[in-house]
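[1] Compute the structure for the input listed below.
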Amino acid sequence: MPSVPHDDDAPLLADLMPWSVAPPRLGRGWPTAPDAASLKARWDALLKAEGPDRDTLFEPTRARTTHSAVGQLPGGAGGTEKLARAHGPCAEPVRVLRAPFDEQWLIPDHRLIDSARPELWRVADDRQVFVVETPTAPPGSMGPLLLASSLLPLARPGRVRPLYRRPEGTEPNLAPGLLDHLTDRLGHRPDPVDVLAWVLVAVRPGLAVPLTADPELWSEGVELGRRMLWLMRRDGQRPKLPGGRRPYVRSPLPSRPVAVHYDRDEETLQVDDGRISPVPPEAWDFEVGGVKVLEQWLAVRVEDAAEPGVLEAIRPATWPQPWTSELLELITVLALLAELRPRQAELRVREPITAAGLRTAGVLPVPDGSRRPASVLDHHEEGPEGQFTLL
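    This next block holds a predicted model:
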């Protein structure tokens, strides 16, 4: 999306939200899927195999094999015995952000994940907001530079910046003293979510974030950013387009679709013989990192990307009804986000708060400790083979 035009010394996101973590790295695709039932079936297939067959199905890497000794994820999900001896049902799948605007399911088992980033799991709760840096887009791309999600993000390669350093929405991941400085300049104390909302609106290429001391402009930007944040998080009340512009299923989607086509003139999305309309061109063209979101979302669910005999080939035999509801909502979200672009482009920073000004105020540079995770362990976490981790 366009950024707030400003030529002065704007502070960097890396200084405003100093703690960041690389996204989790799975190492194999089969522990995630657009539906939870497939994950349970994949797990059952893995455990039915024995010896070398189980090893092969698992898809070992240098970081993980069926003989790796691994502790539980924070929160107690997943077992700790070696997968070569594992038995019983899998951990209950959890919702994750697998790719931009693509919510899928994950088996939350540390034994299946090459690099799980436990520090992210420790602060994941219903108050948390994860800010995700998007891949570098080609010149001219209109996609957002940042995403925000309530779900643990797996999208790579950009870094993840949690809004809060501790559970329950405590200790915001903001430069120490930033809220106090904004309070002095704006005449009121902003909420951490307000700062995030402004960041989403104002961020520009290079991840610089122009700030303003103008209370009226700040309020305007925060209002717009909160709207963007609500649409990206998609929690609470469902978004809707105005009557007459809401997408509907005009012809039922087939049980096993194989082809997708978009008719720009008719504003119709065709999935084989199934038809959904109206689908605004702005929704179909919506990109993140140069990749069309809708096209990629559909490809994951339509294309047979996995070869037979691997766990990832276990998938729904027919198109599940929940996917249709998710598709309609995704079309709506992308269309509504696209509608915000003109307002975002019209914002012009007045009374800028520059990086130099933040240095003079003592907000920058941030202390090294702010770039490291907070100590949030209040209980022993179970280590490999049921042993508790020594803290």
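
[2] Just the pLDDT for the nearest residue to residue 122 once chain neighbours are set aside.
    Leaving aside its sequence neighbours, residue 122 sits nearest to residue 74 (CB to CB, 6 or more residues apart in numbering; 4.5 Å). C-beta coordinates here come from the backbone N, C-alpha and C atoms, glycine included. pLDDT for residue 74: 91.

[3] Could you give the separation of stretch 140-152 from the chain centroid?
    Stretch 140-152 sits 8 Å away from the centroid of its parent chain (CA atoms, centre = their mean, to the nearest Å).

[4] Straight-line length of that stretch, end to end?
    29 Å (CA to CA, to the nearest Å).

[5] Now do it, average pLDDT.
    pLDDT averaged over stretch 140-152 gives 90.

[6] next one: stretch 13-32
    97.

[7] List the buried residues for it?
    The neighbour-count check on stretch 13-32 (16 or more other CB atoms under 10 Å) flags 13-21, 23-24, 26-28, 30-32 as buried.

[8] Go through the residues you listed and flag which are in helices.
    Judged by DSSP state H, those include 13-16 as members of helices.

[9] Of those residues, which is the nearest to residue 137?
    residue 13 (16.1 Å; CB to CB).

[10] mind listing what the closest one touches?
    Residue 13 makes contact with 133, 146, 161, 199, 203, 207-209, according to CB atoms under 8 Å, 6 or more residues apart in numbering.

[11] any idea how far residue 175 is from it?
    Residue 13 sits 11 Å away from residue 175, going by CB to CB, to the nearest Å.

[12] still on that earlier bit, what is the neighbour count of the residue nearest to residue 122?
    21 (other CB atoms under 10 Å).

[13] Now do the helices in this protein.
    Under DSSP H, the chain gives helices at 13-16, 36-48, 52-58, 118-122, 178-186, 192-202, 215-233, 281-284, 293-302, 321-339, 341-346, 355-360.

[14] Out of the ones you listed, flag the one nearest residue 374.
    helix 118-122 (8.9 Å).

[15] Point out the other helices and strands that the closest one packs with.
    Applying 3 or more CB pairs under 8 Å, 6 or more residues apart in numbering; DSSP states H and E, we find helix 118-122 packed against no helix or strand.

[16] picking that back up, what's the distance between the residue nearest to residue 122 and residue 357?
    Where residue 357 is concerned, residue 74 sits at a distance of 38 Å (CB to CB).

[17] Residue 12 against residue 355, yeah?
    Yes. Counting by CB atoms under 8 Å, residue 12 does reach residue 355; the two are 7.4 Å apart.

[18] Pick out whichever of the two has more residues nearby.
    residue 355 (21 against 15).

[19] State the pLDDT value of the residue nearest to residue 38 when sequence neighbours are not counted.
    Excluding the flanking residues, the one nearest residue 38 by CB to CB, 6+ apart is residue 315, at 5.2 Å. Listed pLDDT for residue 315 reads 94.

[20] got the contact list for residue 315?
    Taking CB under 8 Å, 6+ apart, one finds 33, 35, 38, 306 in contact with residue 315.

[21] Residue 112 too?
    Residues in contact with residue 112 (CB under 8 Å, 6+ apart) are 26, 28, 31, 64, 78.

[22] Distance of it relative to residue 140?
    According to CB to CB, residue 112 and residue 140 sit 39 Å apart.

[23] repeat for residue 358
    32 Å.

[24] and those two? which has more neighbours close in?
    Neighbour totals were compared for residue 358 and residue 140, and residue 358 leads with 22 against 6 (other CB under 10 Å).

[25] Distance check, that one against residue 213.
    12 Å.

[26] repeat for residue 317
    59 Å.

[27] from the contacts of residue 13, which single one is nearest residue 371?
    residue 161 (10.8 Å).

[28] Is the closest one bridged to anything, and to what?
    In this entry, residue 161 is beta-bridged to residue 131, by DSSP bridges.

[29] wait, doesn't it sit right on residue 130?
    Yes. Using CB under 8 Å, residue 161 makes contact with residue 130 at a distance of 7.4 Å.

[30] tell me the pLDDT at residue 136?
    Per the predicted model, pLDDT is 81 at residue 136.

[31] one step back: okay, the helices of the chain in JSON lines with distance to residue 152 next?
    Output for these, formatted as JSON lines (distance: least, CB to CB, whole Å):
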{"stretch": "helix 13-16", "distance to residue 152": "20"}
{"stretch": "helix 36-48", "distance to residue 152": "15"}
{"stretch": "helix 52-58", "distance to residue 152": "22"}
{"stretch": "helix 118-122", "distance to residue 152": "6"}
{"stretch": "helix 178-186", "distance to residue 152": "25"}
{"stretch": "helix 192-202", "distance to residue 152": "17"}
{"stretch": "helix 215-233", "distance to residue 152": "13"}
{"stretch": "helix 281-284", "distance to residue 152": "26"}
{"stretch": "helix 293-302", "distance to residue 152": "18"}
{"stretch": "helix 321-339", "distance to residue 152": "18"}
{"stretch": "helix 341-346", "distance to residue 152": "27"}
{"stretch": "helix 355-360", "distance to residue 152": "31"}
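
[32] Which of those helices comes out lowest on mean pLDDT?
    Of all these, the minimum mean pLDDT falls on helix 341-346 (a mean of 92).

[33] what packs against that one?
    Using 3+ CB pairs under 8 Å, 6+ apart: helix 341-346 touches no other helix or strand.

[34] quick one: buried residues of it?
    For helix 341-346, burial by neighbour count (16+ other CB under 10 Å) applies to residue 344.

[35] before we move on, what about stretch 175-189?
    For stretch 175-189, the neighbour count (16+ other CB under 10 Å) marks 175, 178-179, 181-182, 185-186 as buried.

[36] Could you check how many residues crowd around the closest residue to residue 136 other than its chain neighbours?
    Sequence neighbours aside, residue 289 is the residue nearest to residue 136 in space, at 6.8 Å (criterion: CB to CB, 6+ apart). Look at residue 289: counted by other CB under 10 Å, it has 20 neighbours.
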